[in-house]
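Asks: got a predicted structure plus its sequence, pasted below:
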Amino acid sequence: MRTPALPKAGAGPRSDPPPVDVPVAAALHGFELDPSRSYTGQVHDLLRDAIVRGTLPPRTALSEATISKLIEVSRTPVREALAQLAEEQMVVIYRQVGTLVAPVRLSLLEEGRFVRSTLECASHVQLAQTITPEQLTEFGQIVQRQRDAVTSGAIDQFSQLDELMHRRLFEFAGRGHVWAMLEPIKRQFDRVRWLLLGHVAGHAERALKEHEQMLAQMASRDVAGLGASVSSHIDHITAHVAALREQAPASYFAD
């Protein structure tokens, strides 16, 4: 798909795009719609992922008309996607004003931490008692790929492998639907995780060590140790929010 030209700021000689559209254009650059899939779903996923990864920062204005033009789709799927994101509290729609990317709400972050800690501890502890050699091998392979990503500084790849690891552990336990249920609940949690990977020194290295510990405890069927490790691993995300707030713009978070 060709890269659409950005709209001009006005009729005068200055041709720079309005600053508000710069992050939107960057986040949507190179996206191509798949005609075989729901346009609303594709726009939703595109914007959601950009918000989670921080390429669409909090308070960024999301113009229905601009998004429609940039990805060459009608305004209806864009409007529907923004409405879904508002329900998920990823954007805030102000009538007669417009739509803004929502800040990370600390109350929702804590809810995500609680739900993940509760469900993952319970599921992984039970899995430790039934995990098969084949599943342990796959778990180990994912951790090795994470190790390679940390060594090469591939933060995006590490984050994707982190997501894969947690999803597969639920699937190993026959609870893939639980991970799917967690997806909308943990969105604020994921936004902070991406920020930590990019802005807090040593976060990926520490997360890798915790994954390695969980793998060893799973292999040895150390149920008590595994439960404590999983809980600590998830709690570390929220424990580092204070350090993160010192580096991120004040507008990024809301109590």
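Replies: That came in fine, so what should we check first?
Asks: burial check on the closest residue to Gln42 other than its chain neighbours, number of neighbours?
Replies: Using Cβ to Cβ, 6 or more residues apart in numbering and skipping residues adjacent in sequence, the residue nearest Gln42 is Leu33, 5.9 Å away. (Glycine included, C-beta is placed from N, CA and C.) Number of residues near Leu33 (other Cβ atoms under 10 Å) recorded here: 15.
Asks: equivalent analysis for Ala250, please.
Replies: 7.
Asks: please apply the same query to Thr60.
Replies: The number of residues packed near Thr60 is 20, by other Cβ under 10 Å.
Asks: dump the residue contacts of it.
Replies: Taking Cβ atoms under 8 Å, 6 or more residues apart in numbering, we find Thr60 in contact with Val20, Pro23, Val24, Leu100, Val101.
Asks: contacts only, for Leu46.
Replies: Counted by Cβ under 8 Å, 6+ apart, Leu46 has contacts Ala27, Leu28, Phe31, Ile71.
Asks: how much space separates the second one from Leu70?
Replies: Which is Leu28. In this view, Leu28 and Leu70 are 5 Å apart by Cβ to Cβ, to the nearest Å.
Asks: so what does Phe253 look like in phi/psi?
Replies: Main-chain torsions, Phe253, degrees, to the nearest 10: phi -120, psi 150.
Asks: give me the residues contacting whichever helix in the chain runs longest.
Replies: Ordering each helix of the chain by length in residues (DSSP state H) puts helix 106-127 first. Among residues not part of helix 106-127, those counted as contacts by Cβ under 8 Å, 6+ apart are 89, 166, 169-170, 172-173, 175, 178, 182, 185-189, 192, 214, 218, 223, 226-227, 230-231, 234-235, 237-238, 241, 253-255.
Asks: where along the stretch 151-255 of the chain do the strands fall?
Replies: Ranges of strands in the stretch 151-255 of the chain, per DSSP state E, counting those that start in this stretch, are 253-254.
Asks: circling back: and the longest helix of the chain, which residues are buried?
Replies: 106, 108-109, 112-113, 115-117, 119-121, 123-125, 127 (16 or more other Cβ atoms under 10 Å).
Asks: now swap in stretch 25-45 and tell me
Replies: Ala25, Ala27, Leu28, Tyr39, Thr40, Gln42, Val43, His44.
Asks: just those now: which is nearest Gly54?
Replies: Within those, proximity to Gly54 (Cβ to Cβ) peaks at Ala27, which comes in at 9.7 Å.
Asks: quick check: the closest one touching Thr55?
Replies: Yes - shown here, Ala27 and Thr55 form a contact pair, counting by Cβ atoms under 8 Å, at 4.4 Å.
Asks: could you pull out the helices for the stretch 1-150 of the chain?
Replies: According to DSSP state H, counting those that start in this stretch, the stretch 1-150 of the chain carries its helices in the segments 22-28, 39-53, 64-71, 75-87, 106-127, 133-152.
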